[in-house]
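Participant: Have a look; sequence and predicted model below, questions after that.
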Amino acid sequence: MEKLKDYAVAGIVILGGWHILALILDIQAFPSPTIVITDFIRLIQGELSRHFAVSLYRVSVSIVLGVLLALPAGLILGREAWLDRFIAPVIFVLYPIPKIVFLPVLLLLLGLGNLSKIVLMTVIVFFQILVTTRDAAKEIPGQSVMSMRSLGATSWQIYKHVVYPASLPKMFTALRIASGTAIAVLFFAESFATEEGLGYFIMDSWSRFNYSDMFGGIVAMALMGLIIYEVLDIAERRACAWSKL
């Protein structure tokens, strides 16, 4: 309930600022929130819902795949120094490269459908989670591991009961950052060579000078980001309930 009140206050502030700016600018390209929200309600009952579902599917699959691939890899690299010695240089070379530059290559190799966009966003999420999880695993105090070993714990048990839970908070922080980046890249990827997704809808509305539809698409993308952030917040509270004790 407290969070709903916070969102209500934030919504009032944003809509109020938006309305004032629309009155000051007084141009067709920047419609008032009343016009946009009315148009959004109409759109979400029709074609916009399909574009929203496509974009949400692409982002969701990418986040799940990125976590499933990067989390175990980061934990292992963070604790196995001999393996990290060989793999870390490769990561350090690839990580700074803006992943969006691979979009033309992926479009050529994987086509214009969902696969190329999902792979691109998965790579973004993967590297963000991998680097953060690796560093978090490295920072675990040696005493924590040694105390488990003294009790006869196996390597698997140490990973399960020490390394994994200790790395989760930073992993979720990285995941929130990565999901925001993935959504931004998705907009770019959907803005050309496709006819589905919120990025396509926004750019198509802009090309037709239909600014209320364009802002309706922007509102839909903001809602998609909010949904993803809330899902991640719920997942973190459940997975890291021990950290709140």
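Facilitator: Arrived safely, thanks for sending.
Participant: what's the worst-scoring helix or strand of the chain on mean pLDDT packed up against?
Facilitator: The helix or strand of the chain with the poorest confidence is helix 142-150; it has a mean of 81 (mean pLDDT, DSSP states H and E). Under the contact criterion of 3 or more Cβ pairs under 8 Å, 6 or more residues apart in numbering; DSSP states H and E, helix 142-150 touches helix 155-158. All C-beta spots, glycine's among them, are computed from the backbone N, C-alpha and C.
Participant: Could you list the buried residues of the helix it packs on?
Facilitator: Buried residues in helix 155-158, counting neighbours by 16 or more other Cβ atoms under 10 Å, are found at Ile158.
Participant: contacting residues around the spatially closest residue to Glu190 that is not a sequence neighbour?
Facilitator: Closest residue in space to Glu190, ignoring its immediate chain neighbours: Gly199 at 2.8 Å, by Cβ to Cβ, 6 or more residues apart in numbering. Each residue near Gly199 by Cβ atoms under 8 Å, 6 or more residues apart in numbering is listed here: 55, 186-191.
Participant: phi, psi of Gln45?
Facilitator: phi -80, psi -10 (degrees, to the nearest 10).
Participant: same thing with Ser191?
Facilitator: Dihedral angles for Ser191 - degrees, to the nearest 10 - are phi -80, psi -10.
Participant: Could you pull up the residues touching it?
Facilitator: If a contact means Cβ under 8 Å, 6+ apart, then Ser191 has 199-200, 202-203 as its contacts.
Participant: Point out where this protein drops to low pLDDT.
Facilitator: Low-confidence segments of the chain (pLDDT under 70): 1-2, 193, 242-245.
Participant: mind checking the longest helix of it?
Facilitator: Assignment by DSSP state H gives helix 47-79 as the longest helix of the chain.
Participant: Check which helices and strands it sits against.
Facilitator: Here helix 47-79 touches helix 81-94, helix 114-138, helix 164-190, helix 198-207, helix 211-239, going by 3+ Cβ pairs under 8 Å, 6+ apart.
Participant: relative to helix 198-207, how tilted is the second one?
Facilitator: The directions of helix 114-138 and helix 198-207 differ by 120 degrees, with axes from the mean of the first three to the mean of the last three Cα atoms, to 10 degrees as the criterion.
Participant: Which other helices and strands does helix 114-138 contact?
Facilitator: Checking 3+ Cβ pairs under 8 Å, 6+ apart, helix 114-138 ends up next to helix 47-79, helix 81-94, helix 103-110, helix 164-190.
Participant: same deal with the third one?
Facilitator: Contact analysis of helix 164-190 by 3+ Cβ pairs under 8 Å, 6+ apart lists helix 47-79, helix 114-138, helix 198-207, helix 211-239 as its packing neighbours.
Participant: Of all the residues in the longest one, which ones are buried?
Facilitator: This points to helix 47-79. Neighbour counts using 16+ other Cβ under 10 Å place 48, 51-52, 54-56, 58-60, 62-63, 65-67, 69-71, 73-79 of helix 47-79 among the buried residues.
Participant: Then the second one?
Facilitator: Under the neighbour-count criterion of 16+ other Cβ under 10 Å, helix 114-138 has 114, 116-134, 136-137 buried.
Participant: swap in stretch 76-95?
Facilitator: Buried residues in stretch 76-95, counted by 16+ other Cβ under 10 Å: 76-79, 84, 91.
Participant: CA atoms only for that stretch, dumped as PDB, please.
Facilitator: Extracted in PDB, the C-alpha atoms of stretch 76-95 (Å, rounded to 0.1, in the frame of the first residue of the first chain):
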ATOM      1  CA  ILE A  76      32.700 -20.100 -10.900                       C
ATOM      2  CA  LEU A  77      35.000 -17.500 -12.300                       C
ATOM      3  CA  GLY A  78      34.900 -15.600  -9.000                       C
ATOM      4  CA  ARG A  79      36.000 -18.600  -6.900                       C
ATOM      5  CA  GLU A  80      38.200 -20.600  -9.300                       C
ATOM      6  CA  ALA A  81      41.300 -18.500  -9.800                       C
ATOM      7  CA  TRP A  82      43.000 -20.900 -12.300                       C
ATOM      8  CA  LEU A  83      40.000 -20.600 -14.600                       C
ATOM      9  CA  ASP A  84      39.500 -16.900 -14.100                       C
ATOM     10  CA  ARG A  85      43.200 -16.400 -15.100                       C
ATOM     11  CA  PHE A  86      42.400 -17.600 -18.600                       C
ATOM     12  CA  ILE A  87      38.800 -16.300 -19.100                       C
ATOM     13  CA  ALA A  88      39.100 -12.800 -17.500                       C
ATOM     14  CA  PRO A  89      41.200 -11.300 -20.300                       C
ATOM     15  CA  VAL A  90      38.600 -12.400 -22.800                       C
ATOM     16  CA  ILE A  91      35.900 -10.800 -20.700                       C
ATOM     17  CA  PHE A  92      37.800  -7.500 -20.300                       C
ATOM     18  CA  VAL A  93      38.300  -7.200 -24.000                       C
ATOM     19  CA  LEU A  94      34.700  -7.900 -25.000                       C
ATOM     20  CA  TYR A  95      32.800  -6.200 -22.100                       C
END
